[in-house]
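Novice: I'll drop the sequence and a predicted model, then ask my questions.
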Amino acid sequence: MRRSRRRYGQLGWNALGLAVSAVMVFPVYWMVSTAFKPDSGIIAETPQWIPLHPTLDHFRAAMAQPYFWEDVKNSVIIVLVTVAIAMVLAFLAAVALAKYRFSGLKVFIVLVIGIQMLPQAGLIIPLYVVLARYHQVNALSGVIITYLTFVLPFAVWTLRGFILSIPKELEEAALVDGNSRVGAFTRILLPLIAPGLVATSVFAFITCWNEYIFARVLLNDQSKQTVTVWLSYFLGSSKHTDWGALMAGSTLIAIPVVVFFLIVQRKISFGLTAGAVKA
Amino acid sequence: MPQEVAIAAETTPSWPRRRRASAWRRALGASVPYWLILPVVVTVGVVLGYPIYRLVRLSFQQYGLFELIQHKGKAAGLSNYGSILHDPIFWHTLVRTVIFTVVNVGLTIAVGTLFALLAVRVSGAVRIVLTSSLVLVWSMPVVVAVQVWYWMTNFENGILNYVLTQFQLGDFSRHDWYASTFSELSIVTAVVVWGGIPFVAISVYAALAQVPNDLIEAAEIDGARPWRVFRDVTFPILKPVLLILTSLSIIWDFAVFTQPFLLIGQAKLHPGNYLMGVYLFEEGYLKTDFGRGAAISLVMLLIVAAMSVFYVRRMVKVGDVR
């Protein structure tokens, strides 16, 4: 009797778990299903829960919107350049943090963590004024150096964690075997750190791809903007709201992020709080 | 060039020179970490340090479009700060933002923790479904999330109105969620909390794995009810993680910008529904009153800095543990 009550209890928890998942996922599902529905299904009095007659019209409409491809190209350029530079610089600093003890270490760590806490909204004014002074407003390079600053601290901190997780003995063994320090680094450390580098750069990629406020402030020309700003102007571009195309555009912009995020989430997600769990 | 000197010294055979070489070498070795962090320090210093210095100076200047073109501000003393502190809109916005932050952080942490506890209770397959859905929500770009919620809460054919009406919660057909400040900020809260739950839930879930099972069993055998077990066994172990998650959420939610700005929309934003980030954007950037905007930014940065002291100190301690 006790056993069966337990089983029913378990059933109840499982049902609740599934219900909660359904509610959480619903907005994402609704975005994708709206994107595939014909207009008649979208504005129907009784909502169509499943797109019965799926169509790609909205995706075509979204891609045909002015500046879609230009802004995709801008986003890709900004993201790739930022991530490439950030990874090199961050890796060097992460090695310093993980492998050396030096005076000023603590100050540097405070800097690295403190910057991540700066609210970006509070920095739009000075960045705009300074970048305008050096003709970096309305130029992709201005956005790139801005993103670089916000990606670096996070990247340094995460990479440091990955380097620390490599057993010291491995490196020492390589040194004993007659490798130079640089040799030990390229032959032992680098292959081991590669997954960490990939994970960190993907996360940096997502941060830059999703960024909105700096792109909105620093890029005025519609042909110079990024995908998030493009999407935010979508509603204003026509009098009659084309919900299907809006959701198709949203889906298109979310897809690369979701795919990459699912790949690396496990590796990174605990970075911010990992230390606290350990302590 | 210290490297060249060191290499040159190494090739010379005489004994005393060699000693000096090793001293050089030691100095060079000691400087390695500084060379390694130099690029990051320079980049951050130039792109962030200098603007922050300019921010402080701007806040004491009259700096509008004309000054932006001239690259030269007019000294204005404390007038920017005076105008903010005498501006009732500033104080109302501050109070509204504090209330908004308390509600949002409270909901995010509470619901996120409940989800984590639920994830422990359910069986394997359901747990995979639950965590995958959390990760999926987590990965949604904020701008995309805003558009989706805007579509769901739209008054003409938004799904929210339909569902609420179907559940007999009243007649919500053609109910406009963007008609009052309270209702607007409630939808903003829904978007912020929905997007914030996954990070909290997954972090707490990871921390729950640290709670020893035998401790819970021992408490249960001793007759402790579930609530007591949570309060006396689980919660103390979760406390450090919850503290960090709370302080991070406070910082994020206090400075929230994208959700209220895009969801309420330029046309409907007015001083009565500003949050701090929006207030700053409208007053400083859109009105091109950069001096005043700088003063608002600085006040906001100081408030956030005061709130993040706890988090930074905690993380620095973590950095020390090797």
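Specialist: Nice, thanks for sending it over.

Novice: average pLDDT for the top helix by length along chain B?
Specialist: Among the segments of chain B that qualify as a helix by DSSP state H, the longest is helix B:88-121. Helix B:88-121 shows a mean pLDDT of 94 in the predicted model.

Novice: for it, packing partners?
Specialist: helix A:2-36, helix B:124-139, helix B:181-208, helix B:235-254, helix B:276-280 (3 or more C-beta pairs under 8 Å, 6 or more residues apart in numbering or on different chains; DSSP states H and E). Heads up, the C-betas are built off the backbone N, CA and C, glycines and all.

Novice: what are the buried residues along the longest one?
Specialist: Of the residues in helix A:2-36, A:13-14, A:17-18, A:20-21, A:24-28, A:30-36 count as buried by neighbour count, 16 or more other C-beta atoms under 10 Å in any protein chain shown.

Novice: what does the second one give?
Specialist: Along helix B:124-139, these residues count as buried under the neighbour rule (16+ other C-beta under 10 Å): B:Val126, B:Arg127, B:Val129, B:Leu130, B:Thr131, B:Ser133, B:Leu134, B:Val135, B:Leu136, B:Val137, B:Trp138, B:Ser139.

Novice: against which helices or strands is it packed?
Specialist: Using 3+ C-beta pairs under 8 Å, 6+ apart: helix B:124-139 touches helix A:2-36, helix A:243-268, helix B:88-121, helix B:181-208.

Novice: how is chain B divided into domains?
Specialist: B:2-58, B:90-320 (automatic domain parsing).

Novice: ranking these by mean pLDDT, which is last?
Specialist: In terms of mean pLDDT, the lowest-scoring of the domains of chain B is domain B:2-58 (a mean of 72).

Novice: before we move on, the earlier item: how about the domains of chain B in TSV, adding distance to A:Gly196?
Specialist: Shown next, in TSV, are the domains of chain B (distance: least, C-beta to C-beta, whole Å):
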stretch	distance to A:Gly196
domain B:2-58	17
domain B:90-320	17
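
Novice: which of the ones you listed sits most buried?
Specialist: domain B:90-320 (a mean of 18; mean count of other C-beta atoms under 10 Å in any protein chain shown).

Novice: now it, how far from the centre of its chain.
Specialist: Counting by C-alpha atoms, centre = their mean, to the nearest Å, domain B:90-320 is centred 10 Å from the centre of its parent chain.

Novice: what are the ranges of the helices in chain A?
Specialist: A:2-36, A:39-42, A:57-64, A:68-99, A:105-116, A:124-133, A:140-164, A:168-176, A:181-184, A:190-210, A:213-218, A:227-234, A:243-268, A:274-278.

Novice: which stretch among those comes nearest B:Ile216?
Specialist: Judged by C-beta to C-beta, the one of those that comes nearest to B:Ile216 is helix A:2-36, at 15.7 Å.

Novice: what about that closest one, average pLDDT?
Specialist: Here the average pLDDT along helix A:2-36 is 88.

Novice: what helices and strands are in contact with it?
Specialist: Judged by 3+ C-beta pairs under 8 Å, 6+ apart, helix A:2-36 is in contact with helix A:57-64, helix A:243-268, helix B:88-121, helix B:124-139, helix B:142-152, helix B:181-208.
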